[in-house]
Every structure is written in structure tokens, then in C-alpha cells.
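Trainee: I would like to see how this sequence folds:
(chains A and B)
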Amino acid sequence: MIIYDKTNLDNLIIQQQASNALHMNMMDNDELKKVSAAYPVSFYTPNFFIRSGLFILTCITVSFSVGLISLMLSNLVDNWGYILVLGLISYAALEFVVKTNKHYRSGIDDALIWISAGFFLSAFLWPAFSHSTIDDTSYFLSVAGVVCLLGLYYTLRFSDALAAAVCFLAFFAFIAMEWNRIGAFGSATLPFLLIAVSFASWFFARMAGKSAKAIYYLSCLDVVQIISLLTLYLAGNYFVVQNLGNMLFDTNEDSPGSLPFAPFFWIWSVLLPFVYIGWGLKKKDVIMLRAGMLLIAAAVFTFKIYYHVAPIEVTLALGGAAFLAISYTIRRYLKTPKHGFTYEDLNENHMLDKINVESLLITETFSDGPAPAENRFGGGDFGGGGSSSGF
Amino acid sequence: MNFDLYKKLHEEGLISDTSLAKVKERHDHPLFSVHWELKTLLYLGVMLLSSGLGILIYKNIDTIGHQVILLMIALLSASCFFYCFKRKKTFDREKVKSPDSFFDYILLLGCLSFVSFLGYLQFQYTVFGDHYGLATLIPMLVLYYVAYQFDHQGILGLAITNMAIYMGVAATPKALLSAGTYDDPSLINVYLLLAIILLAVAFLSERYNFKKHFKFNYLHFGVHIGFISLLSGYFFHYEQPSCVLWLLGVFVLAYLLYLDAVKNKSFYFLLLTILYSYFTISSLVIRGLDSMRDNDNIIFGFLYFTLSSIGLVIFLIRLNKKIKEV
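Mentor: Numbers count the residues shown, from 1 in each chain, chains lettered A, B, ... in the order given. The predicted structure follows:
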């Protein structure tokens, strides 16, 4: 099913393992060179920046050539078959660059994956949309179904992580809409079903990731794990459930105790992120740990929506101070590695093209200078520190 | 980590005994790094604390509490700097590795609260009177000093944006593009001057080997600001003959940057050069087609973009190979 040559993929994995070992100082450069020579990879995979450039340029090429062809064939354009042909042509181009030119994550293949999938989807939507007898729910159901199938195909064929994410989300939406359609019972039990589906898909992705057969799809399975952990939390989050209920039953509830099983949803909203973190630390599961950290923010927001304990700026300042205190404690505690944990960076290979991404992030977020002053020395702005604008 | 793979590589004689022993050691005693988690916590902590304090001052201006808050911020800044000066390493023109990421972020917090403190002083007590220049010059100088003394690229970025503020403009590429103030010729000139200064400093840092790794930050801002101001100048003077000069500026900058990027194998700057030049050339082509006053010019436009982007794809792939081989 997978389009790439398996020997190349295997060798790529070996080379990645070897370069990991190099960056963790367990191997030297000569050894890496020897390994790379013994297990050569013939893929064309440029670095991140060239990849982005090729992605942009491919999008330009396709949009203008499609525009050109459409101008010439202007009497054929108003037809879904035309879109389908465009999809088939771009898909053929995709298969060609991958098979013949050995492109692997080169930017060109990335762009063509999304362009051809977009054409296929539009070719499908065109007749479905013009079919006036179809109702809204069936329309969205069919869209979700088609997106899911397309995503599944592209995932299996190109092992593309983003396609896997789209496929999973469409699948999730499909299940939710279909279950809701069965009536009042469906709507009432929707959160529980979604919790079950998320848990099942997380469990499946985690188990599948351990099997040797899935070796070429590890990044896709990781993405499915991440998203299903997030949907698992959101499906039981009090705020989400309440708003979903308001939407489905046309009610207008906003009190923190009005939901049936309210205690369950509150426990879920507040405690689940900590369960993630605890489990992540116990099992040394980095996906779980990071999902937990992210969801703590969601838990805090959910709490703040219903209970106003302190004004926002005090919350921010105290929260910030707490984060600093926590990180200081962790650093002190892990001064020497304990229980297999360390705060040292083990793999120091994240300098992208000698670019210090961290420094750019700091500059972008901490110096959001508002529009420049009208005239020179016209009182500028003190930048930084969130000192509010317009001084 | 797949230990069997390393055993296989060892049997094939590709890796040495010592390397295998190191891998085995790591395999038997795996270490789990929370480095990035810790860094994220630090980043969020500094961000939340400094913005919380910032809003706190703003909301409490003219109340009794503001002096307390001012004192708190001053104390926070002073204690951060105290901590950092106590643990600082000696200055060196080369890259100095910071003690750890906690140190980096405490330093950042110290700088941010210092800048807030000064800003607040100026607003409430106008300590610098009407010398607005001074009110932005001092934070800028302090930030530059801290960035060089402690070798902190994030603070260097803040110093650079502060320098832009001192000159009366905003500097981050995001702010530059969203501000939309391209219509003011004096502003364009200030931006151009800023870009020239930044590019010159970037060049000098490398030339005299003085904190050579800071070159990236200067170049990053210099290149974006330079291209955007030159292009704004070109479009502003679109109808006048002087637009040729601005256009010439774009190509000179692109050429110099191209040479530098190839020399340093920097794919990031290479991509920037190519995209900015492509944009410039395309706008020239559109200008030419526009003046044709012919119905075919749309077709020619589409044809131009199709062919030129394909050509550029091929060029980029070749260039990538060339740089890798050198």
C-alpha cells in the first residue's frame, strides 16, 4: 500500500537512529558516515526551508496553470467532472514525483497531496451540494465520510501525519453526527460515546505503534494518539458538554451545576490533566505528559468561566509566579538525575539551520510594539513587559 | 531506542566497541529528559508574570496601591539581576554557554520588569521630562549591555526592537507587515536607515569575530526590514523615475544576501532572498503586462507565473544540491 520503497524507508530509520546516537554523544561522526554508506537512502528530502519554498512554489505553479487551462477551456469549466480531471492530473503528478524523482517530504509532494485531495473533495461536493433534496445533516455526514476516506487513503499511501490527523478528526465528527441522529437517547449519551471512542482510538494507536508492522506509520499513530487524548478530555469537559447540550437541545444553561452528572464532568475537567501528567511521568510517555501540560490550561479556563476568584491580572501574575516556582523546584530536585529523569537536554540537535528559534519567539511575544508613533520621538512606546500600549 | 539495531551495526563492524558500550549503558539506564517541558514552564511563567504585572500597574494607576506595585516590580527586577550577576560567567567575545535555561529566563524576567519599571516611572512621574528619546534610549542601552554581557540572544532581539522604538518605528516582521504604514516617506527612510545599521552590525560582528552568533539576529531583522522598506519605497515612488533607485536597492541587497547565504550555507536566508526577489521581479512583470493594454495580457500573466514558478522549483532543487556538495 505504501508508495515508498521499503528498503529506503528501513535505511532511513537506521540512519535516523544513528544520527540520534551521534547527537546523544554515543557515536562519532566517522561511524555515522560508515552507517550512512552501508545503508544508503535515495530519497530527495531537502531541509525545512527549502521544503517550505518548494511548497509555496508548487502551490503557485498549480494555481496559475489551472487558471490558464480554465481560461482556455472556459466552456468546460462549469462541471464537476472537470474538477475531478484536475484532481486526477495532480494526483498523477504526485505519484510521478514520488516514484520517479524519489521525493520524500520535499515540499512538492506535500503540496500535491493537499491540492489533489482538495480537488477530489470539491469534485464530490459539487454534485452533493447542488442536490437540493438532501438535508443538512446528511450533507455534513457525507462530507465527513468522504474526508475520512480520502484522509485514510493518503495516510496509508504516503504515511503523512497531517493526513492522519484530518482523517481521524473527520472520523470523529462522523461518529458524533451519526450517533446524534438516532434521537434523544443519542444526544443525551453523546459525551459518553465520544469519551469511549477517544479512549478506544488512543488505545488502538498506542498498541499499534508497538507492533513491528506499523514501523512506517509511527508519526501518523503519534498524531492520532495526541488528538485522541485531547478529544478524550474535551468530550468530558464541563464547558464543552454544556455548550454542546445547549446547541443540541436548544437550551440556554450556563450555571456550574445544571448538567446531569455534573460532578462527574467537573472531576473530569479538573483532574484528567493531572492524571495525564502522572501517567506520562510514570510510563515516561512524552505524548501523555505534554498533552497533560496543555490541558491544565484548558482546566484553568474552564474553571475561570464559572467561578471568578480573582481578577485576570492577579491570576496571570500568580500563575506565572507559580510556574517559575515549580520549574525552580524541579530543577533543584533533578540537579542529579533521579528515577531516570533529567533536565539536561539529551539530544542537542534542534538548532534549525543555525537559527535560534527560541530567541525569535521571545522577541515576537515580548515586544509586541503597537503601531509606530506618527513622528520621530513622538513618544514611542516602552515595549516589552506587557506594559500596556499607548503610553 | 532499538538496541538490537546497534548490535547488528556493531556486528557489521560499522560502530566500535566503545560506542556499543555507551549505547548499552543508555539502554540499560534510560534517561527521560524533561528539558523542553521545563523550558515551556519557564517561558509561560515569565510571560504570565510580566504581563500580569503590566496589567496590574495599568489598572491601578492613580490609586494608592500603585507605589506598592512599583516597589514590587523594582524589587523583582533587582533580585533577578542580583541572582544573575552572582552566577554570571566572565565575558568572552565567543559564544558563552549559559549556566542553564532557568538562568536565561530569570534574566529575561529581570529585563522585562526593568523596562516596565522605567516605562511606569516615565508615565507617572515623567522622570525624563519631555526627553522621550532618553526614555527609550536607556532601556535600549541596558538591554544591549545585558545581551552582550550574558550572551542572551532573546534579549538581543528585545534590544533590537527597542532600538527601532527609539527611532520611532516598530520592528518585528509581524508588526511591520500589519502596521500598514507604508505611505509615509519619512517612515520608510527611518526603516531603511535601521535596516542599514542592522545589516552593518551583522557584517561587523562576523568580520571582527565579536559575538559572531549574534549575526543571525541582526541579519534576520535587517533583511526583513530592509526588503520591506525598499519595496515600500518602490511602490511609494511608483509613478516617479526615482523608483528605479529603490528597485536597484532591492537587487543589491538580494545579491549580497545571496552570496552570504551560500557562503554560510544558510537555507533560511537563501529562501528569503529568493522569495523577496521573486516578488519584486513578478511585480515588474505585472507592471510590464499592465502597460501592454491588450486583452492577451491575462493569459501572459498566467503563463509567466506557471513557467517562472516551475523554473524556480528547478533552480531551488539545484541550489540545494550545490550548497550541500560544497
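Trainee: residues making contact with the host helix or strand of A:Ile330?
Mentor: Secondary-structure element containing A:Ile330, defined by DSSP states H and E: helix A:312-333. Residues from elsewhere that reach helix A:312-333 (CB atoms under 8 Å, 6 or more residues apart in numbering or on different chains): A:300, A:304, A:309-310, A:343, B:34, B:38, B:41-42, B:44-56, B:59, B:100, B:102, B:105, B:109. From N, CA and C alone the C-beta is placed, and that goes for glycine too.
Trainee: from the chain's centroid, how far away is whichever helix or strand comes after it?
Mentor: Remark: after helix A:312-333, the chain's next helix or strand is strand A:341-342, criterion DSSP H and E. The chain centroid and the centroid of strand A:341-342 are separated by 27 Å under CA atoms, centre = their mean, to the nearest Å.
Trainee: in terms of secondary structure, what does strand A:341-342 contact?
Mentor: Contact analysis of strand A:341-342 by 3 or more CB pairs under 8 Å, 6 or more residues apart in numbering or on different chains; DSSP states H and E lists strand B:32-33 as its packing neighbours.
Trainee: next helix or strand past the strand it packs on?
Mentor: Towards the C-terminus, the helix or strand next in line after strand B:32-33, according to DSSP H and E, is helix B:35-60.
Trainee: smallest gap between the stretch 101-250 of chain A and chain B, at which residue?
Mentor: Nearest residue of the stretch 101-250 of chain A to chain B: A:Ile108, at 7.0 Å (CB to the nearest CB).
Trainee: give the burial count for that residue, as a bare number.
Mentor: The local packing count at A:Ile108 equals 24, with neighbours defined by other CB atoms under 10 Å in any protein chain shown.
Trainee: cool, and B:Arg93?
Mentor: Using other CB under 10 Å, the number of residues around B:Arg93 comes to 12.
Trainee: which SS class is it?
Mentor: Reducing the assignment at B:Arg93 to three states with DSSP: H, G, I helix; E, B strand; the rest coil gives coil.
Trainee: quick one on the thing from earlier: so how far is B:Leu44 from the residue of the stretch 101-250 of chain A closest to chain B?
Mentor: To B:Leu44, A:Ile108 is 37 Å away according to CB to CB, to the nearest Å.
Trainee: repeat that for A:Glu344.
Mentor: Counting by CB to CB, the gap between A:Glu344 and B:Leu44 amounts to 21 Å.
Trainee: show me which of the contacts of helix A:312-333 are buried.
Mentor: A:343, B:34, B:38, B:41-42, B:44-56, B:59, B:100, B:102, B:105, B:109 (16 or more other CB atoms under 10 Å in any protein chain shown).
Trainee: count residues in the vicinity of the residue nearest to A:Pro127 when sequence neighbours are not counted, would you?
Mentor: In this structure, A:Pro127 finds its nearest non-sequential neighbour in A:Trp80, 5.5 Å apart by CB to CB, 6 or more residues apart in numbering or on different chains. By other CB under 10 Å, 16 other residues sit near A:Trp80.
Trainee: cool, A:Gly340 as well?
Mentor: By the measure other CB under 10 Å, the count of residues near A:Gly340 is 10.
Trainee: surely it touches B:Asp28?
Mentor: No - with contact defined as CB atoms under 8 Å, A:Gly340 and B:Asp28 do not form a contacting pair (10.9 Å).
Trainee: that older thread, wait, doesn't the residue nearest to A:Pro127 sit right on A:Ala123?
Mentor: Yes - in this structure A:Trp80 lies within contact range of A:Ala123 using CB under 8 Å: 5.1 Å.
Trainee: where do the strands sit along the stretch 151-300 of chain A?
Mentor: All residues of the stretch 151-300 of chain A lie outside strands when identified by DSSP state E, counting those that start in this stretch.
Trainee: residue contacts, the residue of the stretch 101-250 of chain A closest to chain B?
Mentor: A:Ile108 neighbours (CB under 8 Å, 6+ apart): A:Leu54, A:Phe55, A:Thr58, A:Val97, B:Val313.
Trainee: looking at those residues, which are in strands?
Mentor: With strands defined by DSSP state E, no entry of the contacts of A:Ile108 lies inside them.
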